[in-house]
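**Student:** Please find the sequence and the predicted model below.
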Amino acid sequence: MPATDPARPSPRQRRAAFSCFLHRWGPAGIGLAAGAAVLGPALGPGYVLRYDMVFVPNAPLSPAALGWGDGFPRAVPSDAVAALLGMVLPGDVVQTLLLLTVFVLGAAGAARLVPGPGLAARSAAALAYVWNPFLAERLLLGQWALLLGYAGLPWVVAAAARYRGPRDLPRVGAALVPAAIGGFSSAVLSALVALPIALLRPWRRAIAASAAVLGCLAVAALPWLVPALASAATTDPAAVDVFAVRADTPLGTVASLLSLGGIWNARAVPPGFAEPVGAVGRLVLSLVALTGWGWLLRRGPQPGFQAGLTAAAAAGLLVALAGTVEAGRGVLRALIDLWPGFGPLRDGHLYLAPLALLQAVGLAGAVQWWGQSGGRGTARGSRAATRLLAGCALLAPVVLLPGLAWGAWGTLRPVDYPHEWVTVQRLVNEDPHEGALLSLPWSAYRGFPTGKDAATVVLDPAIKMVDRPVVWNDALRVRDGEQLRVVAGEDPRAQRIAPLMGDDGLPRDTPDLAQRLAAEGVRYVLVDRTNVPEGSSLGFAHTGFTAVHDGPLLLLLKVTD
């Protein structure tokens, strides 16, 4: 009989090592697979442009990216991080890596919060957290920076729950890195989940934990908080009505919110989302997840975050519901009118993020509950039925939300910037003289060509492309049925230039246009011809302008007067 090699692991040891590997890295692998399935064609070469998601080639580390623009620093420091990474990697590669990070980081973090070692339960939490209506609708709004903070929420929850003293500060600080990159909305969400977890413990520990969490949150918020406090930007209280949650399924507003939907922009809804069967299925899944969460609360011992996360999810749901009734909207408008710092409260859908995390862990609790029930049964059929139910719970998020797959059925697809954009970028950035760039037509969003006579709506790329202040119409227009609602812009200089613009988004016939623009510090005027209304005249026939680039897509003028 041949002697066994003591250095060679036995089959049992290999199985144990493989099981340990799956428990450790399986959720991250699920996140990576989910990211690949969701992004699909967006993983190819080129830039995925969609509403607020604007990555550009050769992105400069401009003053606006650092927070020193004229408007509210909403894209700070996410734009700066993307620009720094773009110095090492191509811009489209940076975008792909950041988007995949959302899925991997979020799935791995959600799985860590599941009590117990069950791989099926951890996998269910991982997939549910990165495949749900909240993530889908925010992704279709292009809010990648917010989703980066969303992916970091489970890590913030774990770090806040484990805080026992100053030695745990590095863990809390590291958990807040995604929120620090994501900016103000991500920081608000992190505070919403971290503070209740720190407070809901014995009072002496609560004081120390809350002070530590607040200190770390303040440090993480410094990149956008300092320029925000120094900014003269204002927030229009009317935005509360525009950004109020609304029903995006036939089941009504409350059911849409419980199902993690309810976005205010109808174009950010995944394909097939309003189908009754899918809507009912997602609501049932949410109720199952809430039941599983209740089971986790009852079973004990608690891992230290359940009470705090429950409070955060309830508070977030109340903020979202406040926008559905006139009394709640009135309170929110009054708060924003009192201090612009309350502006983040206008987007109620944003605050469903803690509920999404609670439901993800709750779904894992439901899987564990079914597993224990099946384990106590003596009949083989009972155990098989339990495994079947657990498998259904694991795959239910994908089955009930198929419109998120493959780039939301091709909605997210990469495009290449026409060479004219790069040419204009080089001409403007190589000019050593100071002065802002005025971007026209006078509209915040552009129809960007994506090929085959199709276009996608995207925030004006000029804002991200040039290394100087950009004056643009930051007023937001949202169509609510037959009514067009307008939220006033925040940039004081843009508000002063707005009266010079006509209904077609181009300057009125003003003889002293160049002098008035120069008085506002404008050195360049960029006109995107592809978005000029048909029949409009570009004007600029008066003296004071010199054409620097005149192409079929873009016209770049220098103010010489």
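**Tutor:** Yep, it's here. Numbering: from 1, shown residues only.
**Student:** For this protein, which segments are assigned as strands?
**Tutor:** Secondary structure of the chain, counting by DSSP state E: strands at 47-48, 414-415, 436-440, 445-451, 454-459, 470-471, 476-480, 483-487, 522-528, 545-550, 554-559.
**Student:** May I have the strands that pair with the first one, each with its orientation?
**Tutor:** Sheet partners assigned to strand 47-48 using DSSP bridges are listed as strand 414-415 (antiparallel).
**Student:** For the strand it pairs with, give me every contacting residue.
**Tutor:** 41-42, 44-49, 92, 448-451, 456 (C-beta atoms under 8 Å, 6 or more residues apart in numbering). Just so you know, the C-beta spots here come from the backbone N, C-alpha and C atoms, and that holds for glycine as well.
**Student:** In terms of pLDDT, where does the closest residue in space to Asp70 that isn't next to it in sequence sit?
**Tutor:** With C-beta to C-beta, 6 or more residues apart in numbering as the criterion, Asp70 has its nearest non-adjacent residue at 4.5 Å, and that residue is Asp491. With respect to pLDDT, Asp491 has a value of 87.
**Student:** What distance do you get for Asp491 to Arg346?
**Tutor:** Here Asp491 is placed at a distance of 18 Å from Arg346 (C-beta to C-beta, to the nearest Å).
**Student:** same deal with Leu66?
**Tutor:** According to C-beta to C-beta, Leu66 stands 25 Å off from Arg346.
**Student:** for Leu140, same thing?
**Tutor:** Per C-beta to C-beta, Leu140 is found 19 Å from Arg346.
**Student:** where does this structure have low pLDDT?
**Tutor:** 1-7, 13, 15-19, 301-302, 374-383, 385-386, 451-453, 479-483, 539-542, 561 (pLDDT under 70).
**Student:** Not counting residues beside it along the chain, what's closest to Gly343?
**Tutor:** Leaving aside its chain neighbours, Gly343 sits nearest to Thr235 (3.8 Å; criterion: C-beta to C-beta, 6+ apart).
**Student:** Confirm for me that Ala494 is in contact with Val471.
**Tutor:** Yes - judged on C-beta atoms under 8 Å, Ala494 makes contact with Val471 at a distance of 5.5 Å.
**Student:** and the closest residue to Arg122 other than its chain neighbours, what does it touch?
**Tutor:** Nearest residue to Arg122 in three dimensions, chain neighbours excluded: Ala111, at 4.0 Å (C-beta to C-beta, 6+ apart). Neighbouring residues of Ala111 by C-beta under 8 Å, 6+ apart: Gly26, Pro27, Arg122, Ser123, Ala125, Ala126, Ala364.
**Student:** neighbour-wise, which of Leu66 and Arg346 wins?
**Tutor:** Arg346 (25 against 17; other C-beta atoms under 10 Å).
**Student:** mind listing what the more buried one touches?
**Tutor:** Arg346 touches Thr235, Ala239, Val240, Val242, Phe243, Gly323, Leu332, Ile336, counting by C-beta under 8 Å, 6+ apart.
**Student:** Please apply the same query to Pro196.
**Tutor:** If you count contacts by C-beta under 8 Å, 6+ apart, Pro196 has them with Ala307, Gly308, Leu309, Ala311, Ala312, Ala315.
**Student:** Going by distance to Ala475, which of those wins?
**Tutor:** Taking C-beta to C-beta as the measure, Ala475 sits nearest to Ala315 out of the contacts of Pro196, at 30.5 Å.
**Student:** Surely the closest one touches Leu192?
**Tutor:** Yes - applying C-beta under 8 Å as the test, Ala315 and Leu192 come out as touching, 6.6 Å apart.
**Student:** Need the residues touching each of the two.
**Tutor:** Tyr351, Pro354.
**Student:** more crowded one of the two?
**Tutor:** Taking other C-beta under 10 Å, Ala315 and Leu192 do not tie; Leu192 has more neighbours (21 against 17).
**Student:** For the residue nearest to the more buried one when sequence neighbours are not counted, list the residues it contacts.
**Tutor:** Take Leu192 and drop its neighbours on the chain: the residue closest to it by C-beta to C-beta, 6+ apart is Ala312, 5.1 Å away. Ala312 sits next to Leu192, Val193, Pro196, Ile197, Pro354 when contact means C-beta under 8 Å, 6+ apart.
**Student:** Ala312 and Gln306, how far apart?
**Tutor:** 11 Å.
**Student:** residues contacting Pro166?
**Tutor:** Per C-beta under 8 Å, 6+ apart, neighbours of Pro166: Ala212.
**Student:** now do Thr101
**Tutor:** Thr101 neighbours (C-beta under 8 Å, 6+ apart): Leu148, Ala151.
**Student:** just Asn531 next, same as before
**Tutor:** Pro441, Ser443, Arg446, Gly447, Gly505.
**Student:** I figured the first one hits Val532, correct?
**Tutor:** Yes - under the criterion of C-beta under 8 Å, Pro441 lies in contact with Val532, with a separation of 5.9 Å.
**Student:** tell me, what's touching those two both at once?
**Tutor:** By C-beta under 8 Å, 6+ apart, the residues touching both Pro441 and Val532 are Asp504, Gly505, Leu506.
**Student:** ok, the last one touching Ser536?
**Tutor:** Yes - in this structure, Leu506 sits in contact with Ser536. The criterion is C-beta under 8 Å, and the distance is 5.8 Å.
**Student:** Between these two, which is the more surrounded one?
**Tutor:** Neighbours were counted for Leu506 and for Ser536 using other C-beta under 10 Å; Leu506 has more, 20 against 13.
**Student:** so how many other residues sit close to the nearest residue to Arg205 once chain neighbours are set aside?
**Tutor:** Among residues not flanking Arg205 along the chain, Arg164 sits closest, at 7.7 Å (C-beta to C-beta, 6+ apart). Using other C-beta under 10 Å, Arg164 has 10 neighbouring residues.
**Student:** cool, Arg446 as well?
**Tutor:** By other C-beta under 10 Å, 21 other residues sit near Arg446.
**Student:** Report the beta-bridge partners for it.
**Tutor:** In this entry, Arg446 is beta-bridged to Val458, by DSSP bridges.
**Student:** Looking at Ala494 and Val471, which is more packed in?
**Tutor:** Relative neighbour count places Val471 above the other of Ala494 and Val471, with 27 against 22, counting by other C-beta under 10 Å.
**Student:** and the gap between that one and Val532?
**Tutor:** 18 Å.
**Student:** likewise Val76?
**Tutor:** 31 Å.
**Student:** okay, the two: which has more neighbours?
**Tutor:** Neighbour count, other C-beta under 10 Å: between Val76 and Val532, Val76 has more, with 25 against 17.
**Student:** these two touch, right, that one and Gly182?
**Tutor:** No - applying C-beta under 8 Å, one finds Val76 not in contact with Gly182, separated by 10.2 Å.
**Student:** show me the residues around Val38 that make contact.
**Tutor:** With C-beta under 8 Å, 6+ apart, Val38 has these contacts: Phe103, Val130, Trp131, Leu139, Leu404, Ala405, Trp406, Gly407.
**Student:** Check the gap between it and Trp406 for me.
**Tutor:** In terms of C-beta to C-beta, Val38 sits 8 Å off from Trp406.
**Student:** cool, and Leu296?
**Tutor:** From Leu296 over to Trp406 (counting by C-beta to C-beta), the distance is 34 Å.
**Student:** The closest residue to Pro237 other than its chain neighbours: neighbouring residues, count only.
**Tutor:** Leaving aside its sequence neighbours, Pro237 sits nearest to Arg333 (C-beta to C-beta, 6+ apart; 4.0 Å). Arg333 has 19 neighbours, counted by other C-beta under 10 Å.
**Student:** Now for Arg333: which residues touch it?
**Tutor:** Residues near Arg333 by C-beta under 8 Å, 6+ apart: Pro237, Ala238, Val240.
**Student:** Kindly indicate the member of those with the most neighbours.
**Tutor:** Val240 (28 neighbours).
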